[in-house]
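S.K.: Okay, predicted coordinates and the sequence, questions at the end:
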Amino acid sequence: MRGRIKNGENKKVELVYTHVVNITEKTSDRELSNVLRSAIEKIMPSYQAILEAAPSLLEERVPTEVRNLEGGKAVHPKNMILQGPPGTGKTYHTVLYAVAIIEGKTMDEIETESYAEVKRRYATYRDENRIAFTTFHQSYGYEEFIEGIKPIVTAGSNEIGFNIESGIFKEFCDLAATDHRFGGHDVSIDADARIWKVSLGGAGEHPLKKSCFEDGMMRIGWDGFGEDPFKGSSSRNPSERSILNYFYETMEVGDIILSLKDEHRIDGIGIIDGDAEWLEDEVRYKRSRKVNWLAKNVSLDIYEMNLRKKLTQKTVYPLDRLSVSQVERMLEEEYGIREVDNQSERPYVFIVDEINRGNISKILGELITLIEPSKRLGEVEETLVKLSYSKKEFGVPNNIYIIGTMNTADRSIALMDTALRRRFRFIEMSPDPSILQGVSVGGVDLECLLDVMNRRIEALYDRDHMIGHAYFTGLSSDNDVDALKEIFLKSIIPLLQEYFFDDHEKIRAVLGDDQRKNGPQILMERPDSSKLFGSSIYNMDLEKKYRINSEALDHREVYEAIYAGHHAKV
């Protein structure tokens, strides 16, 4: 084994050692310990061989840390989550990160610019569909995020049908994967393109097929119905109507057509490049559409891809079991037609606010694997899955960046999917009192006020439940104490009540009430309630009750007392 590891023959090694022991109720703990020690001693030489070869194996591993710059552009993680207590600017920073990613800049470069200018460019990229935003919640599901079945009512009737519609993330992935050009062909393949099977004169070789390949078109018959096949169409049978409807109404420019060779194989792949035309000078097969043939006179078995459904002679019908990515792989792998992708390097950013509040298993389903950077389209470990509803293959493009925000004070954090945690890089967004440096509201030092309250919260609870600086950034030294009072009454005190589950003694400790011997207190104890009851209820049986003394918040001295004797940490 040692030799095979050093020679690189064994990239992954699994050690198995079987030791059979007859254990009974009389077996002592000491005897069991001796058995385990003996087994470990026997397997240790094999581990030692692996460890000796470890340096050479580690050299082959892709480094987990990406470089800051690549090709002159900043490199950002493909999946990141901005986490922190409320009010630390997580959603605010998604704007900065999104623009930095799209423009290939570092965060230091972006942060030197005014936020208003960055936000203006963010809005431009969003209008170009290069940035998308959504918020997770408890009722959010796979149907909204990936794809689902949506009911439709047919116009002019009471009939209800169903369509498979893409969710917001799949739709965004399709946009990011568009505008792919293939070598030697000035043509794109749209990720939303529909795939059709056409019979050009039937199966096998046919003069019509040869002519279509040479002239860049597809032609079908039904000439007897005239140039306008829908005039007096009541006599058409359902099959004839469906074929003509497909050809004239349903097929769109940009759709993919596969030319029938036999029950299992196709012999041409093309992109529709024009609307339906009537070729008056042709003797037969007068109905035509222009086509850019990317591959012709080939032989490709698509029986397995088509979920073992045989191709039929029917002139035109959709192949909804096939996906665009499968067609792209046919072109690249089987026939050496290489994709020249000018757009895939353009980054697209998908932002998920409150990512930890959604049921990740319910929302992502089988796609949880696909968002891994190593599993993206074009990577060595590229992975595709068949979607639950459409049964089409789907993968996440490599040029999509996912940014999530996570409120660490949210109680639903405990339910966050471990699989999601492993696939994201976490960036901590902590309260930053220094942002408030020099801001004095009515003589109250906001930097010192926030810093002292947060140090007390960290000591009484944890750092995930501190107060963010964003609650105070709207204030300036021009404001008076009334503005600070509004923030305490509507934001700070309710937040503390939620953090400490109405444990008023701890809330008073954070607000410094427990140290304030003289003067008004922010939380005042209610009067003795024992007199409300008979002799069976004693004062010692009643919990202390407090009320918010809003009048106290009118005085500067109350706020100064919160941080009296303390200085902001530098």
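M.R.: That came through fine. Residues are numbered from 1 along each chain as shown.

S.K.: just the strands in the stretch 101-250 of the chain please.
M.R.: 131-135, 147-153, 160-166, 180-182, 185-189, 195-198, 217-220 (DSSP state E, counting those that start in this stretch).

S.K.: I548 is nearest to which of those?
M.R.: Smallest distance to I548 across the strands of the stretch 101-250 of the chain (C-beta to C-beta): 31.0 Å, for strand 131-135. Placement of C-beta: from N, CA and C, glycine included.

S.K.: Surely K261 and N297 touch.
M.R.: No: K261 lies out of contact with N297 (C-beta atoms under 8 Å); the separation is 9.7 Å.

S.K.: Overlap of the contact sets of those two?
M.R.: D267 (C-beta atoms under 8 Å, 6 or more residues apart in numbering).

S.K.: okay, the two: which has more neighbours?
M.R.: K261 (21 against 13; other C-beta atoms under 10 Å).

S.K.: quick one: the nearest residue to the more buried one once chain neighbours are set aside from V198, how far?
M.R.: Spatially, and ignoring its direct neighbours in sequence, K261 is nearest to D267 (3.9 Å; C-beta to C-beta, 6 or more residues apart in numbering). Between D267 and V198 the distance is 11 Å, computed by C-beta to C-beta, to the nearest Å.

S.K.: and if you look at R526?
M.R.: R526 is 82 Å from V198, by C-beta to C-beta.

S.K.: Equivalent analysis for G395, please.
M.R.: 27 Å.

S.K.: More neighbours: these two, which one.
M.R.: Using other C-beta under 10 Å as the criterion, G395 and V198 rank with V198 on top: 26 against 20.

S.K.: Enumerate every residue touching the more buried one.
M.R.: Residues M218, I220, I257, L258, S259, L260, T315, V316 are the ones in contact with V198 under the rule C-beta under 8 Å, 6+ apart.

S.K.: Most neighbours among these, please name it.
M.R.: Going by other C-beta under 10 Å, M218 tops the contacts of V198 with 29 neighbours.

S.K.: which residue packs closest to that one, ignoring adjacent ones?
M.R.: Per C-beta to C-beta, 6+ apart, closest to M218 is V291, 5.0 Å.

S.K.: And F394, by the same measure?
M.R.: Per C-beta to C-beta, 6+ apart, closest to F394 is L387, 5.2 Å.

S.K.: how about the one you found, what does it touch?
M.R.: Contacts of L387 by C-beta under 8 Å, 6+ apart are I146, E147, K170, E393, F394.

S.K.: quick one on the thing from earlier: the contacts of V198: which two are farthest apart?
M.R.: Top of the distance list for these (C-beta to C-beta): I220 and L258, 14.6 Å.

S.K.: So, low pLDDT: which residues of the stretch 301-450 of the chain?
M.R.: Applying pLDDT under 70 to the stretch 301-450 of the chain picks out residues 333-345, 411-417.

S.K.: I'd like the average pLDDT over stretch 239-248.
M.R.: Mean pLDDT, stretch 239-248: 84.

S.K.: buried sites along it?
M.R.: Across stretch 239-248, burial judged by 16 or more other C-beta atoms under 10 Å covers S242, I243, L244, N245, Y246, F247.

S.K.: So the residue nearest to M218 belongs to a helix, correct?
M.R.: No: counting by DSSP: H, G, I helix; E, B strand; the rest coil, V291 falls outside a helix, being strand.

S.K.: What separation do you get for it and N245?
M.R.: Distance, V291 to N245, using C-beta to C-beta: 19 Å.

S.K.: Going along the chain, name the strands of the stretch 351-500 of the chain.
M.R.: All strands of the stretch 351-500 of the chain, identified by DSSP E, counting those that start in this stretch, fall at 385-386, 393-394, 400-407, 425-428, 440-441, 444-445.

S.K.: quick one: strands adjacent to the fourth one?
M.R.: So that's strand 425-428. Here strand 425-428 is paired, per DSSP bridges, with strand 79-84 (parallel).

S.K.: Give me the residues contacting the partner strand.
M.R.: 90, 93-94, 97, 355, 371-373, 401-408, 423-431, 468.

S.K.: Please spell out the ChimeraX selection for the buried subset of those residues.
M.R.: In ChimeraX, this line selects whichever of the contacts of strand 79-84 come out buried by 16+ other C-beta under 10 Å:
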select :90,93,94,97,355,371,372,373,401,402,403,404,405,406,407,408,423,424,427,429,430,431,468
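
S.K.: Appreciated, that's everything.
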